[in-house]
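Visitor: coordinates for the following, if possible.
(one chain, ligands or ions: 2)
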Amino acid sequence: MIIVMRPNATHEEINHICDKVRELGLTPQLSRGVHRTIIAVIGEDEKLMVKPLEAFPGVDSVVPIQKAFKLASRDFRAEPTEFDMGGGVTVGGKKIHVMAGPCSVEGREMLLKTAEAVKQSGATFLRGGAYKPRTSPYAFQGLGEEGLKYLREAADTFQLKVVTEVMDPRNVELVARYSDMLQIGARNMQNFDLLKECGSSPRPVLLKRGLSATVQELLLSAEYMLSKGNFSVIVGERGIRTFETATRNTVDINAIPVIKAESHLPVLVDPSHGTGKRDYVLPIARASIAAGADALMIEVHPNPEEAKSDGPQSLRLPQFEALMKDLKVIAAAVGREI
Ligand code: PEP
Ligand code: MN
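Guide: Numbering: from 1, shown residues only. Ligands and ions are numbered 1, 2, ... in the order given. This next block holds a predicted model:
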């Protein structure tokens, strides 16, 4: 249920309604738009039926939200979400942010080298996994906290933000200490304890779409974090499983305008995991920007032949530089910048 306030509703009237909602054992969640304030009611909102809230001063209407997700919906917030991460980085605005770096943090030197190169080419975030969700238990699992330290050092040296995956709810605080944005990987998109823990973190979150998840399931997972009060969420399309075997996954380009229509949250596309082959990363990155993506995640490695994970899809440093130059043209063509 959402309570739509009149455009001229006063602070007192808004606060009064919030108090009434709390009295019913429900939680009010405010969205202050340019023209009016909307109050979403979190909880078993049938309880609202017992109070004729429409009759209260300042209330325009009380409307049920038809969508399964509420806070993530455009009904709740009409304007696109933008969040400021400090240091001149605003996600969801005109600038398309590129998050680049190796699949796994493999060591200090390779990370410093990669960070310097991606910064030079125009990336704003350094990516790299310190905790890796590997299909095989025998594959490299990541450097853990040591990897987080390398990420922080490399990002600070070259004025980049850190985005890195957290897999275990017990590690959210630790990963948040070293990073600027928490990443929830595709395999953990419905790890509900992890979603709740990230929802209570002060860090923004990149939530990647599960391998076989629908857009609605993705937005419901985002809703977990919004319902905990963390609205700084970016949702990521990283390719889904289809019958096609020519590429690692199939990037669902449709998902970009669909998410934009249904939700106010910014959208990231990861053409590296989406295609699994470095030759296809540029064309899919181009298509993603043209379709409205707000950010891209690209795997880059100084020596992909030696990579501990995802070498075949990792761009070499000069290839990343060329990609960034190319994407600037596409971004400008759709009124954005990189
Ligand atoms: C990653 O970005 O490191 C990763 C493992 O991606 P995904 O969760 O999309 O597979
Ligand atoms: Mn990878």
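Visitor: element containing the nearest residue to residue 34 once chain neighbours are set aside, please.
Guide: Nearest non-adjacent residue to residue 34, counting by C-beta to C-beta, 6 or more residues apart in numbering: residue 79, 6.9 Å away. (C-beta placed from N, C-alpha, C; glycine too.) Using DSSP states H and E, residue 79 sits within no helix or strand.
Visitor: what about residue 337, how many neighbours?
Guide: Residues near residue 337, counting by other C-beta atoms under 10 Å, number 11.
Visitor: phi first, then psi, for it.
Guide: When quoted as degrees, to the nearest 10, the phi and psi of residue 337 stand at phi -140, psi 160.
Visitor: give me phi/psi at residue 62?
Guide: According to degrees, to the nearest 10, residue 62 has phi -120, psi 120.
Visitor: oh, that last question was meant for residue 52, not what I typed.
Guide: Per degrees, to the nearest 10, the backbone of residue 52 is at phi -80, psi 70.
Visitor: got a list of what residue 37 touches?
Guide: By C-beta atoms under 8 Å, 6 or more residues apart in numbering, the contact list for residue 37 reads 5, 9, 14, 30-31.
Visitor: next: residue 90.
Guide: By C-beta under 8 Å, 6+ apart, the contact set of residue 90 is 82-84.
Visitor: who wins on neighbours among those?
Guide: Among the contacts of residue 90, residue 83 has the most neighbours (other C-beta under 10 Å), with 17 neighbours.
Visitor: tell me what that one is bridged to.
Guide: Counting by DSSP bridges, residue 83 is bridged to residue 91.
Visitor: which pLDDT does the model give it?
Guide: As predicted, residue 83 sits at a pLDDT of 97.
Visitor: how close does it get to residue 197?
Guide: Distance, residue 83 to residue 197, by C-beta to C-beta, to the nearest Å: 19 Å.
Visitor: next: residue 288.
Guide: From residue 288 across to residue 197, the span is 29 Å (C-beta to C-beta).
Visitor: who has more neighbours, the two?
Guide: Counted by other C-beta under 10 Å, residue 288 and residue 197 do not tie: residue 288 has more neighbours, with 26 against 23.
Visitor: now the more buried one. Nearest residue, chain neighbours left out?
Guide: Leaving out its chain neighbours, the residue that sits closest to residue 288 by C-beta to C-beta, 6+ apart is residue 269, at 3.7 Å.
Visitor: how many neighbouring residues does that neighbour have?
Guide: Counted with other C-beta under 10 Å, residues neighbouring residue 269 total 29.
Visitor: bridging residues for it?
Guide: residue 237, residue 296.
Visitor: contacts only, for it.
Guide: 236-238, 251, 256, 284-285, 288, 293, 295-297.
Visitor: ranges for the strands of the stretch 101-250 of the chain?
Guide: Ranges of strands within the stretch 101-250 of the chain are 125-127, 161-165, 181-184, 205-208, 233-237, based on DSSP state E, counting those that start in this stretch.
Visitor: near the residue nearest to residue 106 when sequence neighbours are not counted, how many other residues are there?
Guide: Nearest residue to residue 106 in three dimensions, chain neighbours excluded: residue 308, at 5.2 Å (C-beta to C-beta, 6+ apart). Using other C-beta under 10 Å, residue 308 has 21 neighbouring residues.
Visitor: what's the answer for the one 4 residues further on, then?
Guide: Applying the criterion other C-beta under 10 Å, we find 15 residues in the vicinity of residue 312.
Visitor: make sure it is indeed in a helix.
Guide: Yes: according to DSSP: H, G, I helix; E, B strand; the rest coil, residue 312 belongs to a helix.
Visitor: how about the contacts made by it?
Guide: Counting by C-beta under 8 Å, 6+ apart, residue 312 makes contact with 276-278, 304.
Visitor: give me the buried subset of those residues.
Guide: Buried residues within these, counting neighbours by 16 or more other C-beta atoms under 10 Å: 276, 278, 304.
Visitor: can you lay out those as CSV showing secondary structure?
Guide: Output for the buried ones among the contacts of residue 312, formatted as CSV (three-state DSSP):
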residue, secondary structure
276, coil
278, helix
304, helix
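Visitor: ok, the closest residue to residue 57 other than its chain neighbours - contacts?
Guide: Nearest in space to residue 57, with sequence neighbours left out and distances taken as C-beta to C-beta, 6+ apart, is residue 13 at 5.1 Å. Residues counted as contacts of residue 13 (C-beta under 8 Å, 6+ apart) are 5, 56-59.
Visitor: who wins for most neighbours among those?
Guide: For the contacts of residue 13, the largest number of neighbours (other C-beta under 10 Å) sits with residue 5, at 23 neighbours.
Visitor: apart from its neighbours in sequence, what residue is nearest that one?
Guide: Distances taken as C-beta to C-beta, 6+ apart place residue 37 nearest to residue 5, at 4.5 Å, with adjacent residues excluded.
Visitor: please apply the same query to residue 326.
Guide: Spatial nearest neighbour of residue 326, excluding adjacent residues (C-beta to C-beta, 6+ apart): residue 282 at 6.4 Å.
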